[in-house]
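Asker: the following block contains a protein sequence and its predicted model.
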Amino acid sequence: MRIPAAEKSSSAVFRVCPYAPSFSSLLPIRRIRNAIRCTQNAKTEKNCSSIAPLPKSCYNGNKAARRCMSMKQYGLIGEKLGHSLSVPIHEAIWEKISLAASYRLIEIPRGELAAVVPELLRTLDGFNITVPYKTDVMPLLDEITPFAREVGAVNTVLTGEKSRGYNTDDPGFEQMLRYFGMNPDGRPVFILGSGGAMHACRNAVERMGARETWVVSRNPKHADEISYDDFYARFPDMGGLIVNTTPAGMYPRVEGCPIDAAHLTSIVARADGVADIIFNPAETVLTAAAKRVGTPACTGLYMLIAQAVEAESIWQGCSMPPNLAETLMKELHLL
């Protein structure tokens, strides 16, 4: 299923990105550069947008038009979404549960979020949020679940009479750790990066029994934050689980790594495991270095799929099929 994207014509500026029709065609993922506009002389439902008003031709009463207006509409909002895999992941989930729906990637420039969210709440059945808006979106919603408030970030919104914000990154990350056999119980955990993704990962490992959690930051500001120099000094004696929540190593700068080259091998050799939440590329410099010395390592594809399954459970109001994340990983040839 390929649904062209649209760009809303109003004072609130955002665009909907086009995407490839299959998951496998996106690996390795390349940035999608151009958006498609929803023109007012559209002739079929393929030109309709859940964000922009429907073209006049979609009100002609035929079956295609009714499908266009009745299909459930979802999306992902963020600043830059050219690397996203969310569309094919959600389409794969819908195929499993026999649901007809549409999912769009909606890029919102910084400073425009507050102007755009009311339109999203009015026109979409639900949406996901990625950087840099997981915290900024919270005051724009009617309700935040206690769990999401505890984590300090929202990545899933259910619309309706009242909008409600959830966090599915946390359970998605926990499921990934459990699947790859990384158990933080009773062990120290060092989380690289102090951005929004850090909160969900820290919440998960602490719930799983981590003995202590340290946030490694370029500019430590809080009591539980340490510098990278302190990390290099402490880790060889302490060991533990390393979690990367920084963008270092993400496409297109795939040569990046949050740990400098002089310390990389010695650090990962002492780790219980290395979990990098980056999903593009499927192997990062950090995880490759860990595997070379026999340390268990994974990137964030499993977490991405698991959190999407959790989001669908919220949107559809029912449990998803058992082990769906694992099933999709295998079917998409990612395990």
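Answerer: Thanks, I have the structure now.
Asker: please save the CA atoms from stretch 104-118 in CSV.
Answerer: Extracted in CSV, the C-alpha atoms of stretch 104-118 (Å, rounded to 0.1, in the frame of the first residue of the first chain):
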residue,chain,number,x,y,z
ARG,A,104,2.0,9.3,7.5
LEU,A,105,5.3,10.9,8.4
ILE,A,106,4.7,14.5,9.5
GLU,A,107,7.7,16.8,9.7
ILE,A,108,7.2,19.9,11.9
PRO,A,109,9.8,22.6,12.1
ARG,A,110,10.9,23.8,15.5
GLY,A,111,8.6,26.4,16.9
GLU,A,112,5.5,25.2,15.0
LEU,A,113,4.5,22.3,17.3
ALA,A,114,1.9,24.2,19.3
ALA,A,115,0.2,25.5,16.1
VAL,A,116,0.1,22.1,14.5
VAL,A,117,-1.0,19.8,17.3
PRO,A,118,-4.7,21.0,17.5
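Asker: buried stuff in that stretch?
Answerer: For stretch 104-118, the neighbour count (16 or more other CB atoms under 10 Å) marks Arg104, Leu105, Ile106, Glu107, Ile108, Leu113, Val116, Val117 as buried. Yep, even glycine has a C-beta here, placed from its N, CA and C like the rest.
Asker: residue contacts, the residue nearest to Arg270 when sequence neighbours are not counted?
Answerer: In this structure, Arg270 finds its nearest non-sequential neighbour in Gly239, 4.9 Å apart by CB to CB, 6 or more residues apart in numbering. Neighbour list for Gly239: Arg187, Pro188, Arg270, Ala271, Asp272 [criterion: CB atoms under 8 Å, 6 or more residues apart in numbering].
Asker: how close does Gly239 get to Phe279?
Answerer: 26 Å (CB to CB, to the nearest Å).
Asker: could you list the low-pLDDT ranges of the stretch 1-150 of the chain?
Answerer: 1-69 (pLDDT under 70).
Asker: for Ser163, report the pLDDT, please.
Answerer: pLDDT for Ser163: 99.
Asker: who are the neighbours in contact with it?
Answerer: Leu121, Leu141, Asp142, Glu143, Val157.
Asker: recalculate using a threshold of 10 Å.
Answerer: Contacts for Ser163 (CB atoms under 10 Å, 6 or more residues apart in numbering) come out as 117-118, 120-122, 126-127, 137, 140-144, 157.
Asker: in this structure Arg178 contacts Met208, no?
Answerer: Yes - taking contacts as CB atoms under 10 Å, Arg178 lies within contact range of Met208: 8.3 Å.
Asker: out of those two, which sits in the more crowded spot?
Answerer: Met208 (19 against 13; other CB atoms under 10 Å).
Asker: nearest residue to that one in space, please, no chain neighbours.
Answerer: Closest to Met208 by CB to CB, 6+ apart is Pro184, at 5.2 Å.
Asker: does that neighbour really touch Ala271, like I thought?
Answerer: No - Pro184 lies out of contact with Ala271 (CB under 10 Å); the separation is 11.5 Å.
Asker: still on that earlier bit, adding distance to Leu85 and secondary structure, write the buried residues of stretch 104-118 out as a markdown table.
Answerer: Shown next, in a markdown table, are the buried residues of stretch 104-118 (distance: CB to CB, whole Å; DSSP: H, G, I helix; E, B strand; the rest coil):
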| residue | distance to Leu85 | secondary structure |
| --- | --- | --- |
| Arg104 | 14 | strand |
| Leu105 | 10 | strand |
| Ile106 | 15 | strand |
| Glu107 | 15 | strand |
| Ile108 | 19 | coil |
| Leu113 | 22 | helix |
| Val116 | 23 | helix |
| Val117 | 23 | helix |
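Asker: now render those as a markdown table, adding distance to Val151.
Answerer: Shown next, in a markdown table, are the buried residues of stretch 104-118 (distance: CB to CB, whole Å):
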| residue | distance to Val151 |
| --- | --- |
| Arg104 | 26 |
| Leu105 | 24 |
| Ile106 | 23 |
| Glu107 | 24 |
| Ile108 | 22 |
| Leu113 | 19 |
| Val116 | 23 |
| Val117 | 20 |
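Asker: from those residues, which is closest to Thr299?
Answerer: Leu105 (20.7 Å; CB to CB).
Asker: strands of the chain, residue ranges please.
Answerer: For the chain, the strands defined by DSSP state E occupy 15-17, 72-78, 101-107, 126-129, 143-144, 156-158, 164-166, 188-192, 212-216, 225-226, 240-244, 271-276, 297-298.
Asker: about what we covered before: farthest pair in the contacts of Ser163?
Answerer: Longest span within the contacts of Ser163, CB to CB: Arg122 and Ile144, 19.4 Å.
Asker: so what's Leu121 up against?
Answerer: Counting by CB under 10 Å, 6+ apart, Leu121 has contacts Phe127, Leu140, Leu141, Asp142, Val157, Thr159, Gly160, Lys162, Ser163.
Asker: how near is the first one to Ala271?
Answerer: Looking back up the chat, that one is Phe127. 36 Å.
Asker: show me which of these two is the more surrounded one.
Answerer: Phe127 (27 against 20).
Asker: that one touches Val157, doesn't it?
Answerer: Yes - the criterion here is CB under 10 Å, and Phe127 meets it with Val157 at 5.3 Å.
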